[in-house]
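Colleague: Sequence and predicted structure below; questions after.
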Amino acid sequence: MEVHYHDYLQLDKILNAQDLESIRHNLPAHDEMLFIVIHQAYELWFKQLHHEVDSVAAILSKPAVNDNSPELQTIVHRLNRCITILRVLVHQIDIMETMTPMDFLDFRDMLRPASGFQSWQFKELEAKLGLKFEHRHGKEYYTSQLRNEHVAIIKNAEGSKSLLQLLNSWLERMPFLKEGADDSFWSNYKKSYQSSLAEAEQNNIAAFEEVFSNNDKAAGRSLSSAACRAALFIMLYRGYPLLQLPFQLLNCLLEIDEQLSSWRYRHVNMVHRMIGTRIGTGGSTGKDYLKAAADKHYIFREIAQLNSFLIERRKLPSLNATVEAKLGFGH
């Protein structure tokens, strides 16, 4: 049977999925069509993000990821796709902002209590990436407006291994230095790091000890000391062939956080522009709630914080010939 474009994309369903409340109320509002189409597009892109993140998590869940195989390249490629999609989500706000506050008021009250706060796909995505329940802003009511089946989906994601947890396990499996040599390297590195600090930065040494010297995760942290040492090593020596893709992976996660942050802040500014200090249609505090969530919801914050412990390239400890050979193409 031949495949037809219209049938393959199920355009009958998609193009007839815009049911305007303003028409239902016999008060036609021209911009409600734009409002619906943009939010439907958001949900479709969220679905694609889930598809990509799930595939990355499946690879990282393997007992051992071959860092010298196409697997790591596949992870980086799909994370880069997530970044590109998130950039599109940010730019969609430009289209939304062609709707003026008065245009929105033509149909806004007809939407109550529907709200973007009820987007279970976005909350599930945050959980899959690694946003913990205890780190959520407004955690006491963040699922209060969702249907039971959607709450169950989010709780299931929270109970499964997140991308951040899988990253921790992957980093812990990457011992770049032999036992004994590891302690020597970090002891030398700590001295180089301390000598690079300004007088006002000397307190950073205590933070260095807390992040890198404990055997287990420090209270409230998602990455263990071993994982943090591996991540910093990747950042420091990313010029070696074997570390280029691992560095790109870490950089992708930071970029995902940055794009999510950009999307949240653009959303905050758009809401403020549209409704000022009024409450959201779902009953939240509108702009104030969104801003507080944007300030708190940095999923890969611990990776970004490792940049505080970098030193200049010219001061990096030299690696011995054996380690250099392992990090090259012919290891």
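Modeller: Thanks, I have it. Numbers count the residues shown, from 1 in each chain.
Colleague: How about residue 135: what's its closest non-neighbour residue?
Modeller: residue 296 (6.9 Å; C-beta to C-beta, 6 or more residues apart in numbering). C-betas here are computed from N, CA, C, even on glycine.
Colleague: Identify the residues contacting that neighbour.
Modeller: By C-beta atoms under 8 Å, 6 or more residues apart in numbering, residue 296 lies in contact with 135-137.
Colleague: Can you read off the pLDDT for it?
Modeller: Note on residue 296: pLDDT of 73.
Colleague: Low-confidence regions, this protein specifically.
Modeller: For the chain, applying pLDDT under 70 flags the ranges 67-68, 175, 177-182, 215, 218-219, 277-290, 294, 329-331.
Colleague: Where is the longest helix in it?
Modeller: Determined from DSSP state H, the single longest helix within the chain is helix 241-275.
Colleague: That helix: how far from the chain's middle?
Modeller: 7 Å (C-alpha atoms, centre = their mean, to the nearest Å).
Colleague: helices or strands up against that helix?
Modeller: Contacts defined by 3 or more C-beta pairs under 8 Å, 6 or more residues apart in numbering; DSSP states H and E place helix 241-275 against helix 70-96, helix 101-105, helix 225-236, helix 287-296, helix 301-305, helix 321-327.
Colleague: could you redo the last one with a cut-off of 6 Å?
Modeller: Secondary-structure packing of helix 241-275 (3 or more C-beta pairs under 6 Å, 6 or more residues apart in numbering; DSSP states H and E): helix 70-96, helix 225-236, helix 287-296.
Colleague: buried set for that helix?
Modeller: Neighbour counts over helix 241-275 (16 or more other C-beta atoms under 10 Å) mark 242-243, 245-257, 259-264, 266-268, 270-271, 274-275 as buried.
Colleague: Just the helices from the stretch 51-200 of the chain, written as ranges.
Modeller: Ranges of helices in the stretch 51-200 of the chain, per DSSP state H, counting those that start in this stretch, are 70-96, 101-105, 120-129, 148-159, 163-172, 181-196.
Colleague: List the contacts of the fifth one.
Modeller: By that I understand helix 163-172. Outside helix 163-172, the residues within contact range by C-beta atoms under 6 Å, 6 or more residues apart in numbering are 57, 60, 129-130, 222-223, 226-227, 230-231.
Colleague: Equivalent analysis for the shortest one, please.
Modeller: For helix 101-105, the external contacting residues (C-beta under 6 Å, 6+ apart) are 31, 274.
Colleague: How many residues are close by residue 165?
Modeller: 16 (other C-beta atoms under 10 Å).
Colleague: Hmm, I typed the wrong one, I wanted residue 125.
Modeller: Using other C-beta under 10 Å, residue 125 has 20 other residues around it.
Colleague: Who are the contact partners of it?
Modeller: Counted by C-beta under 6 Å, 6+ apart, residue 125 has contacts residue 49.
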